[in-house]
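>>> generate a structure from the sequence data that follows.
(one chain, ligands or ions: 2)
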Amino acid sequence: MFNPLQHRINIDALRKYAQKNFPTLCQPRPHDAHKGTCGTVCVVGGAKGMVGAAFLAADAALQTGCGKVLVGLNQNPNPVPFFPTRPELMVDYAVDVLKTHHQIVDTWVVGCGLSRNETAGQLLKAIWNSSTPQLVLDADALHLLVDISKQLNPTKRADLVLTPHPAEAAHLLDTGVTQVEANRSWAARELASRYRAWVVLKGHETVISSARGALQVNETGNAGLATAGSGDVLSGIIGSLLAQGLEAEEAVPAAVWLHGAAADILAQMQIGPIGLMAGELAQAVRWLHNQLASTPSMTL
Ligand SMILES: NC(=O)C1=CN([C@@H]2O[C@H](COP(=O)(O)OP(=O)(O)OC[C@H]3O[C@@H](n4cnc5c(N)ncnc54)[C@H](O)[C@@H]3O)[C@@H](O)[C@H]2O)[C@@H](O)CC1
Ligand SMILES: Nc1ncnc2c1ncn2[C@@H]1O[C@H](COP(=O)(O)OP(=O)(O)O)[C@@H](O)[C@H]1O
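Ligands and ions are numbered 1, 2, ... in the order given. Prediction:
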(Lines give C-alpha, C1' and ligand atoms only; values in the text may rest on other atoms or scores of the structure.)
(Ligands and ions follow the chains in the order given, each with its own letter.)
Protein backbone atom coordinates (compact mmCIF):
# COMPACT_ATOMS: atom_id res chain seq x y z
CA MET A 1 0.00 0.00 0.00
CA PHE A 2 1.18 3.52 -0.80
CA ASN A 3 1.75 5.00 2.66
CA PRO A 4 3.99 8.08 2.85
CA LEU A 5 3.19 8.53 6.56
CA GLN A 6 5.74 5.77 7.27
CA HIS A 7 8.36 8.13 5.88
CA ARG A 8 7.99 11.07 8.29
CA ILE A 9 6.09 13.25 5.85
CA ASN A 10 5.12 16.49 7.60
CA ILE A 11 1.47 16.30 6.67
CA ASP A 12 0.52 18.90 9.30
CA ALA A 13 2.61 21.57 7.59
CA LEU A 14 1.17 20.66 4.19
CA ARG A 15 -2.37 20.69 5.58
CA LYS A 16 -1.85 24.04 7.30
CA TYR A 17 -0.57 25.60 4.08
CA ALA A 18 -3.37 24.13 1.99
CA GLN A 19 -6.12 25.10 4.44
CA LYS A 20 -4.90 28.68 4.34
CA ASN A 21 -4.33 28.95 0.60
CA PHE A 22 -6.59 26.33 -1.00
CA PRO A 23 -9.71 26.00 1.16
CA THR A 24 -11.88 24.37 -1.52
CA LEU A 25 -9.21 21.77 -2.22
CA CYS A 26 -9.41 20.74 1.44
CA GLN A 27 -13.16 20.20 1.47
CA PRO A 28 -14.34 16.59 1.74
CA ARG A 29 -16.37 15.19 -1.11
CA PRO A 30 -20.11 15.64 -0.43
CA HIS A 31 -21.96 12.44 0.47
CA ASP A 32 -24.38 12.90 -2.41
CA ALA A 33 -21.67 13.39 -5.05
CA HIS A 34 -21.98 11.48 -8.31
CA LYS A 35 -19.74 11.34 -11.34
CA GLY A 36 -21.74 14.08 -13.01
CA THR A 37 -21.01 16.49 -10.17
CA CYS A 38 -17.27 15.78 -10.08
CA GLY A 39 -16.50 17.26 -13.47
CA THR A 40 -15.57 15.96 -16.91
CA VAL A 41 -12.16 16.53 -18.46
CA CYS A 42 -11.27 15.79 -22.06
CA VAL A 43 -7.58 15.41 -22.86
CA VAL A 44 -6.82 16.00 -26.53
CA GLY A 45 -3.39 14.84 -27.66
CA GLY A 46 -1.66 11.52 -28.12
CA ALA A 47 -0.62 11.56 -31.77
CA LYS A 48 1.35 8.63 -33.17
CA GLY A 49 4.23 7.75 -30.84
CA MET A 50 3.02 10.04 -28.04
CA VAL A 51 -0.09 8.34 -26.70
CA GLY A 52 1.69 8.17 -23.34
CA ALA A 53 1.58 11.95 -22.92
CA ALA A 54 -2.22 12.01 -23.23
CA PHE A 55 -2.48 8.98 -20.95
CA LEU A 56 -0.37 10.67 -18.24
CA ALA A 57 -2.55 13.79 -18.29
CA ALA A 58 -5.77 11.77 -18.28
CA ASP A 59 -4.62 9.47 -15.49
CA ALA A 60 -3.62 12.49 -13.39
CA ALA A 61 -7.04 14.08 -13.98
CA LEU A 62 -8.74 10.88 -12.77
CA GLN A 63 -6.52 10.48 -9.72
CA THR A 64 -7.04 14.13 -8.77
CA GLY A 65 -10.74 13.31 -8.43
CA CYS A 66 -12.41 14.14 -11.71
CA GLY A 67 -15.71 12.28 -12.31
CA LYS A 68 -15.18 11.36 -15.95
CA VAL A 69 -12.14 11.60 -18.20
CA LEU A 70 -12.25 11.37 -21.97
CA VAL A 71 -9.19 11.05 -24.18
CA GLY A 72 -9.31 12.30 -27.76
CA LEU A 73 -6.31 11.00 -29.69
CA ASN A 74 -4.94 12.86 -32.68
CA GLN A 75 -4.88 9.67 -34.71
CA ASN A 76 -7.69 7.58 -36.08
CA PRO A 77 -7.14 4.40 -34.17
CA ASN A 78 -8.62 1.20 -35.48
CA PRO A 79 -9.40 -0.63 -33.30
CA VAL A 80 -9.89 2.08 -30.70
CA PRO A 81 -7.13 1.62 -28.13
CA PHE A 82 -7.88 0.95 -24.55
CA PHE A 83 -5.38 1.40 -21.76
CA PRO A 84 -5.38 -1.91 -19.86
CA THR A 85 -4.14 -0.20 -16.71
CA ARG A 86 -6.86 2.47 -16.92
CA PRO A 87 -10.07 1.04 -18.38
CA GLU A 88 -11.85 3.96 -16.66
CA LEU A 89 -10.68 6.29 -19.43
CA MET A 90 -12.99 6.81 -22.41
CA VAL A 91 -10.69 6.81 -25.42
CA ASP A 92 -11.47 7.59 -29.06
CA TYR A 93 -10.32 9.54 -32.11
CA ALA A 94 -10.34 13.23 -31.14
CA VAL A 95 -12.45 14.23 -34.14
CA ASP A 96 -15.15 11.76 -33.01
CA VAL A 97 -14.90 12.81 -29.36
CA LEU A 98 -15.48 16.42 -30.41
CA LYS A 99 -18.50 15.44 -32.47
CA THR A 100 -20.17 13.20 -29.92
CA HIS A 101 -19.15 14.35 -26.46
CA HIS A 102 -18.30 18.06 -26.67
CA GLN A 103 -21.40 19.07 -24.72
CA ILE A 104 -20.45 17.12 -21.60
CA VAL A 105 -16.90 18.45 -21.31
CA ASP A 106 -16.22 20.94 -18.50
CA THR A 107 -12.53 21.40 -19.20
CA TRP A 108 -10.37 20.66 -22.23
CA VAL A 109 -6.70 19.84 -21.76
CA VAL A 110 -5.10 20.17 -25.16
CA GLY A 111 -1.56 19.56 -26.36
CA CYS A 112 0.02 16.61 -24.58
CA GLY A 113 1.61 14.63 -27.40
CA LEU A 114 -0.76 16.38 -29.83
CA SER A 115 1.83 16.95 -32.61
CA ARG A 116 1.62 20.02 -34.79
CA ASN A 117 0.05 18.59 -37.93
CA GLU A 118 -2.94 20.01 -39.78
CA THR A 119 -5.48 17.99 -37.82
CA ALA A 120 -3.95 19.23 -34.57
CA GLY A 121 -4.49 22.83 -35.68
CA GLN A 122 -8.07 22.09 -36.70
CA LEU A 123 -8.77 20.41 -33.37
CA LEU A 124 -7.39 23.37 -31.47
CA LYS A 125 -9.53 25.81 -33.48
CA ALA A 126 -12.67 23.72 -32.99
CA ILE A 127 -12.10 23.46 -29.25
CA TRP A 128 -11.29 27.17 -28.97
CA ASN A 129 -14.61 27.94 -30.64
CA SER A 130 -16.59 25.46 -28.55
CA SER A 131 -18.88 26.66 -25.78
CA THR A 132 -16.79 25.18 -22.96
CA PRO A 133 -15.12 28.08 -21.15
CA GLN A 134 -12.27 26.18 -19.52
CA LEU A 135 -9.25 25.37 -21.62
CA VAL A 136 -5.75 24.31 -20.60
CA LEU A 137 -3.11 24.47 -23.34
CA ASP A 138 0.21 22.67 -23.02
CA ALA A 139 3.11 21.45 -25.17
CA ASP A 140 2.28 21.27 -28.91
CA ALA A 141 -0.90 23.33 -28.43
CA LEU A 142 1.28 26.23 -27.29
CA HIS A 143 3.41 26.04 -30.43
CA LEU A 144 0.26 25.83 -32.56
CA LEU A 145 -1.13 28.85 -30.76
CA VAL A 146 1.76 30.90 -32.15
CA ASP A 147 0.83 29.84 -35.67
CA ILE A 148 -2.93 30.28 -35.47
CA SER A 149 -3.51 32.93 -32.81
CA LYS A 150 -4.52 35.50 -35.46
CA GLN A 151 -7.36 33.19 -36.49
CA LEU A 152 -8.69 32.87 -32.93
CA ASN A 153 -11.13 35.20 -31.23
CA PRO A 154 -9.37 36.23 -28.00
CA THR A 155 -12.59 37.14 -26.20
CA LYS A 156 -13.97 33.65 -26.70
CA ARG A 157 -12.00 32.14 -23.83
CA ALA A 158 -12.95 32.97 -20.26
CA ASP A 159 -10.76 30.53 -18.34
CA LEU A 160 -7.68 29.96 -20.46
CA VAL A 161 -4.61 28.45 -18.83
CA LEU A 162 -1.25 28.23 -20.63
CA THR A 163 1.43 25.98 -19.13
CA PRO A 164 4.67 26.65 -21.05
CA HIS A 165 8.12 25.45 -20.10
CA PRO A 166 10.78 28.09 -20.86
CA ALA A 167 11.34 26.91 -24.45
CA GLU A 168 7.61 27.08 -25.18
CA ALA A 169 7.38 30.48 -23.50
CA ALA A 170 10.26 31.70 -25.65
CA HIS A 171 8.43 30.61 -28.81
CA LEU A 172 5.19 32.27 -27.66
CA LEU A 173 7.07 35.49 -26.91
CA ASP A 174 9.27 35.27 -30.00
CA THR A 175 12.39 35.46 -27.89
CA GLY A 176 15.07 33.11 -26.57
CA VAL A 177 15.10 30.72 -23.62
CA THR A 178 17.93 32.73 -22.03
CA GLN A 179 15.79 35.88 -22.06
CA VAL A 180 12.85 34.02 -20.54
CA GLU A 181 14.99 32.43 -17.83
CA ALA A 182 16.64 35.78 -17.04
CA ASN A 183 13.26 37.35 -16.35
CA ARG A 184 10.73 34.70 -15.54
CA SER A 185 8.28 37.08 -13.87
CA TRP A 186 8.25 39.35 -16.89
CA ALA A 187 7.74 36.39 -19.25
CA ALA A 188 4.82 34.98 -17.27
CA ARG A 189 3.12 38.36 -16.94
CA GLU A 190 3.70 39.31 -20.57
CA LEU A 191 2.16 36.04 -21.78
CA ALA A 192 -0.78 36.50 -19.42
CA SER A 193 -1.39 39.93 -20.83
CA ARG A 194 -1.03 38.94 -24.49
CA TYR A 195 -3.31 35.94 -24.24
CA ARG A 196 -5.62 37.12 -21.42
CA ALA A 197 -4.77 33.85 -19.73
CA TRP A 198 -3.52 32.30 -16.55
CA VAL A 199 0.10 31.38 -17.19
CA VAL A 200 2.16 28.70 -15.50
CA LEU A 201 5.79 29.22 -16.45
CA LYS A 202 7.25 25.87 -15.45
CA GLY A 203 10.65 24.92 -14.10
CA HIS A 204 12.42 25.25 -10.76
CA GLU A 205 10.24 27.70 -8.79
CA THR A 206 7.37 27.79 -11.24
CA VAL A 207 5.99 31.28 -11.77
CA ILE A 208 2.23 31.68 -11.98
CA SER A 209 0.59 34.79 -13.39
CA SER A 210 -3.11 35.47 -13.23
CA ALA A 211 -4.72 36.86 -16.35
CA ARG A 212 -4.44 40.28 -14.71
CA GLY A 213 -0.73 39.88 -14.01
CA ALA A 214 -0.72 38.99 -10.29
CA LEU A 215 2.34 36.83 -9.71
CA GLN A 216 3.02 33.86 -7.41
CA VAL A 217 6.07 31.65 -7.16
CA ASN A 218 5.51 28.02 -6.24
CA GLU A 219 7.88 26.55 -3.68
CA THR A 220 7.14 22.84 -3.87
CA GLY A 221 8.79 20.38 -6.26
CA ASN A 222 12.30 19.19 -6.94
CA ALA A 223 14.61 18.11 -9.73
CA GLY A 224 12.94 14.69 -9.80
CA LEU A 225 10.33 16.43 -11.96
CA ALA A 226 12.93 16.89 -14.69
CA THR A 227 11.64 13.80 -16.44
CA ALA A 228 9.53 13.20 -19.55
CA GLY A 229 5.83 13.56 -19.00
CA SER A 230 5.81 15.40 -15.67
CA GLY A 231 4.38 18.47 -17.41
CA ASP A 232 1.62 16.33 -18.92
CA VAL A 233 0.70 15.24 -15.40
CA LEU A 234 0.50 18.88 -14.30
CA SER A 235 -1.88 19.72 -17.16
CA GLY A 236 -4.16 16.88 -16.10
CA ILE A 237 -4.19 18.09 -12.49
CA ILE A 238 -5.04 21.67 -13.49
CA GLY A 239 -7.82 20.46 -15.79
CA SER A 240 -9.19 18.19 -13.09
CA LEU A 241 -9.41 20.89 -10.40
CA LEU A 242 -11.04 23.32 -12.83
CA ALA A 243 -13.56 20.69 -13.91
CA GLN A 244 -14.36 19.96 -10.26
CA GLY A 245 -15.44 23.55 -9.86
CA LEU A 246 -12.48 25.27 -8.24
CA GLU A 247 -12.10 28.83 -9.47
CA ALA A 248 -8.96 29.41 -11.55
CA GLU A 249 -7.61 31.63 -8.72
CA GLU A 250 -7.45 28.53 -6.54
CA ALA A 251 -7.23 25.70 -9.08
CA VAL A 252 -4.11 26.87 -10.91
CA PRO A 253 -1.81 27.53 -7.92
CA ALA A 254 -3.27 24.55 -6.04
CA ALA A 255 -2.49 22.22 -8.95
CA VAL A 256 1.09 23.47 -9.23
CA TRP A 257 1.54 23.14 -5.47
CA LEU A 258 0.03 19.61 -5.37
CA HIS A 259 2.20 18.46 -8.29
CA GLY A 260 5.36 19.72 -6.60
CA ALA A 261 4.36 18.45 -3.17
CA ALA A 262 3.71 15.00 -4.67
CA ALA A 263 7.24 15.00 -6.07
CA ASP A 264 8.60 16.07 -2.66
CA ILE A 265 6.71 13.24 -0.95
CA LEU A 266 8.06 10.72 -3.47
CA ALA A 267 11.61 12.05 -2.99
CA GLN A 268 11.26 11.66 0.76
CA MET A 269 10.17 8.06 0.15
CA GLN A 270 13.32 7.59 -2.00
CA ILE A 271 11.13 7.16 -5.11
CA GLY A 272 13.17 10.05 -6.47
CA PRO A 273 14.46 12.55 -7.17
CA ILE A 274 16.67 10.26 -9.23
CA GLY A 275 14.61 8.03 -11.48
CA LEU A 276 11.26 9.46 -10.47
CA MET A 277 8.79 8.63 -13.24
CA ALA A 278 5.99 10.96 -14.25
CA GLY A 279 3.47 8.14 -13.97
CA GLU A 280 4.28 7.84 -10.25
CA LEU A 281 3.14 11.37 -9.44
CA ALA A 282 -0.62 10.90 -9.67
CA GLN A 283 -0.89 8.37 -6.85
CA ALA A 284 1.00 10.75 -4.55
CA VAL A 285 -1.31 13.59 -5.60
CA ARG A 286 -4.32 11.39 -4.84
CA TRP A 287 -2.94 10.45 -1.43
CA LEU A 288 -2.17 14.05 -0.51
CA HIS A 289 -5.51 15.36 -1.79
CA ASN A 290 -7.34 12.79 0.38
CA GLN A 291 -5.20 13.69 3.38
CA LEU A 292 -6.11 17.35 2.92
CA ALA A 293 -9.80 16.57 2.57
CA SER A 294 -9.88 14.40 5.72
CA THR A 295 -10.09 15.74 9.24
CA PRO A 296 -6.79 15.18 11.10
CA SER A 297 -8.36 12.58 13.40
CA MET A 298 -9.38 10.50 10.38
CA THR A 299 -5.79 10.27 9.16
CA LEU A 300 -4.33 8.71 12.31
N1 LIG B 1 5.37 9.71 -23.13
C2 LIG B 1 5.11 10.59 -24.10
O3 LIG B 1 4.39 10.31 -25.06
C4 LIG B 1 5.68 11.96 -23.97
C5 LIG B 1 5.42 12.87 -24.99
N6 LIG B 1 5.79 14.15 -24.91
C7 LIG B 1 5.33 15.01 -25.97
O8 LIG B 1 6.33 15.12 -26.95
C9 LIG B 1 6.09 16.29 -27.71
C10 LIG B 1 7.38 17.06 -27.93
O11 LIG B 1 8.05 17.16 -26.71
P12 LIG B 1 9.62 17.40 -26.72
O13 LIG B 1 10.12 16.95 -25.40
O14 LIG B 1 10.26 16.82 -27.92
O15 LIG B 1 9.67 18.92 -26.90
P16 LIG B 1 9.79 20.00 -25.82
O17 LIG B 1 9.04 21.18 -26.28
O18 LIG B 1 9.43 19.51 -24.46
O19 LIG B 1 11.34 20.31 -25.86
C20 LIG B 1 11.90 20.87 -27.02
C21 LIG B 1 13.19 21.53 -26.68
O22 LIG B 1 13.03 22.43 -25.62
C23 LIG B 1 13.99 22.19 -24.60
N24 LIG B 1 13.46 22.41 -23.26
C25 LIG B 1 12.48 21.70 -22.69
N26 LIG B 1 12.28 22.15 -21.43
C27 LIG B 1 13.15 23.16 -21.25
C28 LIG B 1 13.42 24.01 -20.15
N29 LIG B 1 12.77 23.87 -18.99
N30 LIG B 1 14.36 24.93 -20.28
C31 LIG B 1 15.05 25.05 -21.44
N32 LIG B 1 14.84 24.28 -22.52
C33 LIG B 1 13.91 23.33 -22.42
C34 LIG B 1 14.33 20.72 -24.77
O35 LIG B 1 15.61 20.45 -24.25
C36 LIG B 1 14.26 20.53 -26.24
O37 LIG B 1 15.47 20.87 -26.86
C38 LIG B 1 5.03 17.08 -26.98
O39 LIG B 1 3.79 16.88 -27.58
C40 LIG B 1 5.00 16.43 -25.61
O41 LIG B 1 3.71 16.52 -25.01
C42 LIG B 1 6.49 14.70 -23.73
O43 LIG B 1 5.48 15.27 -22.92
C44 LIG B 1 7.23 13.63 -22.98
C45 LIG B 1 6.45 12.36 -22.76
N1 LIG C 1 14.44 21.22 -11.38
C2 LIG C 1 13.11 21.28 -11.23
N3 LIG C 1 12.57 21.70 -10.06
C4 LIG C 1 11.24 21.76 -9.89
N5 LIG C 1 10.34 21.44 -10.86
C6 LIG C 1 10.82 21.04 -12.04
C7 LIG C 1 12.21 20.92 -12.29
N8 LIG C 1 12.37 20.48 -13.57
C9 LIG C 1 11.14 20.33 -14.09
N10 LIG C 1 10.21 20.66 -13.17
C11 LIG C 1 8.75 20.60 -13.37
O12 LIG C 1 8.45 19.44 -14.15
C13 LIG C 1 7.48 19.75 -15.16
C14 LIG C 1 8.12 19.56 -16.54
O15 LIG C 1 7.21 19.88 -17.53
P16 LIG C 1 7.58 19.86 -19.08
O17 LIG C 1 8.87 20.53 -19.31
O18 LIG C 1 6.39 20.34 -19.81
O19 LIG C 1 7.82 18.30 -19.34
P20 LIG C 1 7.11 17.26 -20.34
O21 LIG C 1 6.91 17.97 -21.65
O22 LIG C 1 8.08 16.14 -20.47
O23 LIG C 1 5.84 16.82 -19.73
C24 LIG C 1 7.03 21.16 -14.87
O25 LIG C 1 5.92 21.14 -13.99
C26 LIG C 1 8.25 21.78 -14.19
O27 LIG C 1 7.93 22.88 -13.36
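>>> surely residue 264 touches residue 221?
Yes: using Cβ atoms under 8 Å, residue 264 is in contact with residue 221, at 6.8 Å. Every C-beta, even on glycine, is put in place using the N, C-alpha and C of the backbone.
>>> neighbour-wise, which of these two wins?
Taking neighbours as other Cβ atoms under 10 Å, residue 264 and residue 221 compare with residue 221 leading, 25 against 22.
>>> ok, now how distant is the more buried one from residue 130?
Applying Cβ to Cβ, to the nearest Å, the value for residue 221 to residue 130 is 32 Å.
>>> so how far is stretch 261-273 off the chain centroid?
Stretch 261-273 sits 19 Å away from the centroid of its parent chain (Cα atoms, centre = their mean, to the nearest Å).
>>> in contact with residue 102, which residues?
Residue 102 sits next to 130, 132 when contact means Cβ atoms under 8 Å, 6 or more residues apart in numbering.
>>> three-state assignment of it?
Using DSSP: H, G, I helix; E, B strand; the rest coil, the structure places residue 102 in helix.
>>> what do you get for residue 41?
Going by three-state DSSP: residue 41 is strand.
>>> just the pLDDT for it.
Note for residue 41: predicted pLDDT of 98.
>>> what's the answer for residue 259, then?
98.
>>> any idea how far it lies from residue 119?
When distance is defined by Cβ to Cβ, residue 259 is 29 Å away from residue 119.
>>> between the two, which one's more packed in?
The residue with more neighbours, out of residue 259 and residue 119, is residue 259; 30 against 16, by other Cβ under 10 Å.
>>> that's a helix at the more buried one, yeah?
Yes: counting by three-state DSSP, residue 259 is part of a helix.
>>> neighbours of the residue in the chain that ligand 1 sits nearest to, just the number please.
When scored by Cβ to the nearest ligand atom, the chain has residue 52 as its residue closest to ligand 1, at 3.0 Å. Number of residues near residue 52 (other Cβ under 10 Å) recorded here: 18.
>>> that's a helix at it, yeah?
Yes: under three-state DSSP, residue 52 sits within a helix.
>>> ok, it touching residue 83?
No: with contact defined as Cβ under 8 Å, residue 52 and residue 83 do not form a contacting pair (9.7 Å).
>>> for this protein, what spans make up the helices?
11-21, 51-63, 94-101, 118-128, 140-148, 166-173, 177-182, 184-195, 230-243, 248-268, 281-292 (DSSP state H).
>>> which of these is buried the deepest?
Most buried of these by mean neighbour count (mean count of other Cβ atoms under 10 Å) is helix 230-243; its value is a mean of 31.
>>> so which elements touch that one?
Secondary-structure packing of helix 230-243 (3 or more Cβ pairs under 8 Å, 6 or more residues apart in numbering; DSSP states H and E): strand 40-45, helix 51-63, strand 107-110, strand 134-137, strand 159-162, helix 248-268, helix 281-292.
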